[in-house]
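Colleague: quick one, what's the 3D model for this:
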Amino acid sequence: MSIELAPEQVRGFAPDIEQFPLGSRVFLTHLTGKPEAMQVEAALRIREMGYIAVPHLGARNFKTEQDFIDLVRAHSRNGITEALFLGGNPALFPGPMSESAQLLAHPVLRDSTIRTAFVAGYPEGHPNITDAALADALWRKLEICDARSIDARVVSQFAFDGAAMGAWARGLHEEFPGLPVHVGLAGVTSLAKLIKFAMMCGVGASVAALKRSASGIFNVISDRNPADVIEAIVSSYPEPKGPLHLHFFPFGGWEKTLAWYSEHQGARRPRINLR
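Modeller: Next up is the predicted model:
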């Protein structure tokens with residue numbers, strides 16, 4: 001499994017290695033307005049702890065091309081080997097770049113230490129991009145990685161329809177044999193917070209099903225875990241034909257999510273590659 005943190009959370013990140021083994025991946029967000037030096041410092045700290053730092057690089061968050069170059073070089077000086085390449089969310093952006101493919105094709109990567117590139121996947125589609133356009137964009141990004149001898153992986157936005165997520169992963173493995181796929185899951189948090197983040201992130205297709213589970217005051221105020229989503233993924237795609245991993249967005253805090261997953265894994269180990 002892997003987990004996602006904001007760079008400012010890393011100073012307090014001290015997981016039990018029994019719950020989160022050394023060598024696991026920690027993704028680090030890249031948000032507009034946040035100092036990029038903070039991400040550099042966080043990635044180095046994660047690496048020194050014995051984990052794999054995977055900083056996000058969002059094209060629309062860079063004010064200039066030089067800002068992107070400087071960030072890649074800073075991570076390379078620290079020996080960071082993996083990154084997630086994104087277009088980014090801002091509809092209005094100051095810089096010259098708008099797509100993750102532009103970042104992947106940039107010459108600065110040739111001399112960088114980054115040899116593994118994650119690109120985004122959307123099990124339920126994208127609210128503003130057609131399925132055909134998403135498929136074409138994925139082809140282009142994988143072609144760029146292949147031409148650059150960069151290992152490519154797909155990591156998805158979180159969702160709540162496990163059957164759809166399993167079908168999506170199966171489709172990717174059929175089209176791209178051997179492609180590692182990381183399915184995104186919301187960590188342990190309240191139902192109200194899950195709905196809030198789902199609406200903010202445009203995860204609309206399965207929000208209705210999520211809301212239906214809000215009947216009764218106990219279900220609204222108590223924490224929700226993704227066990228049902230994981231089980232639905234396993235049922236939908238019981239024998240993965242390629243590497244299949246879990247990636248957690250711990251909206252309720254990384255401690256809750258790691259503790260719950262450790263217990264869940266011990267109680268019933270899913271038929272999924274976990275590392």
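
Colleague: below-threshold pLDDT in the stretch 151-275 of the chain: ranges please.
Modeller: By pLDDT under 70, the low-scoring segments of the stretch 151-275 of the chain are 192, 195-222, 268-275.

Colleague: wait, isn't Pro180 in contact with Pro240?
Modeller: No - Pro180 lies out of contact with Pro240 (Cβ atoms under 8 Å); the separation is 10.5 Å. Glycine gets a C-beta too; all of them are placed from N, C-alpha and C.

Colleague: list the buried residues in stretch 71-81.
Modeller: For stretch 71-81, the neighbour count (16 or more other Cβ atoms under 10 Å) marks Leu71, Val72, Ala74, His75, Ser76, Ile80, Thr81 as buried.

Colleague: before we move on, which element is the first one in?
Modeller: Yep, that's Leu71 we're talking about. Secondary structure assignment for Leu71, by DSSP states H and E: helix 65-77.

Colleague: quick one: strands adjacent to the following helix or strand past that helix?
Modeller: Next along the chain after helix 65-77, taking DSSP H and E as the criterion, comes strand 82-86. Here strand 82-86 has these sheet partners by DSSP bridges: strand 52-58 (parallel), strand 116-121 (parallel).

Colleague: other SSEs contacting whichever helix or strand comes after strand 82-86?
Modeller: Using DSSP H and E, the next helix or strand after strand 82-86 towards the C-terminus is helix 100-104. Under the contact criterion of 3 or more Cβ pairs under 8 Å, 6 or more residues apart in numbering; DSSP states H and E, helix 100-104 touches strand 82-86, strand 116-121, helix 131-147.

Colleague: please redo it, this time with the cut-off set to 10 Å
Modeller: strand 52-58, helix 65-77, strand 82-86, strand 116-121, helix 131-147 (3 or more Cβ pairs under 10 Å, 6 or more residues apart in numbering; DSSP states H and E).

Colleague: average pLDDT for the first one?
Modeller: It stands for strand 52-58. Strand 52-58 comes out with an average pLDDT of 97.

Colleague: how about the last one?
Modeller: For helix 131-147, the per-residue pLDDT values average out at 95.

Colleague: hmm, back to that, using PDB, write out every CA atom in the helix holding Leu71.
Modeller: Taking only C-alpha atoms (Å, rounded to 0.1, in the frame of the first residue of the first chain), the coordinates of helix 65-77 have been written out as PDB:
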ATOM      1  CA  GLU A  65       8.900  26.600 -16.900                       C
ATOM      2  CA  GLN A  66      12.000  27.400 -14.900                       C
ATOM      3  CA  ASP A  67      10.000  26.700 -11.600                       C
ATOM      4  CA  PHE A  68       9.400  23.200 -12.900                       C
ATOM      5  CA  ILE A  69      13.100  22.800 -13.900                       C
ATOM      6  CA  ASP A  70      14.200  24.000 -10.500                       C
ATOM      7  CA  LEU A  71      11.900  21.700  -8.600                       C
ATOM      8  CA  VAL A  72      13.000  18.600 -10.500                       C
ATOM      9  CA  ARG A  73      16.700  19.500 -10.000                       C
ATOM     10  CA  ALA A  74      16.100  20.100  -6.300                       C
ATOM     11  CA  HIS A  75      14.500  16.600  -5.900                       C
ATOM     12  CA  SER A  76      17.300  15.100  -8.000                       C
ATOM     13  CA  ARG A  77      20.000  16.500  -5.700                       C
END
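
Colleague: angle of it against strand 52-58?
Modeller: 180 degrees (axes from the mean of the first three to the mean of the last three Cα atoms, to 10 degrees).

Colleague: just list what helix 65-77 packs against, helices and strands only.
Modeller: Using 3+ Cβ pairs under 10 Å, 6+ apart: helix 65-77 touches helix 36-49, strand 52-58, strand 82-86, helix 100-104.

Colleague: of the ones you listed, which is nearest Leu142?
Modeller: Closest of these to Leu142 is helix 100-104, at 9.5 Å (criterion: Cβ to Cβ).
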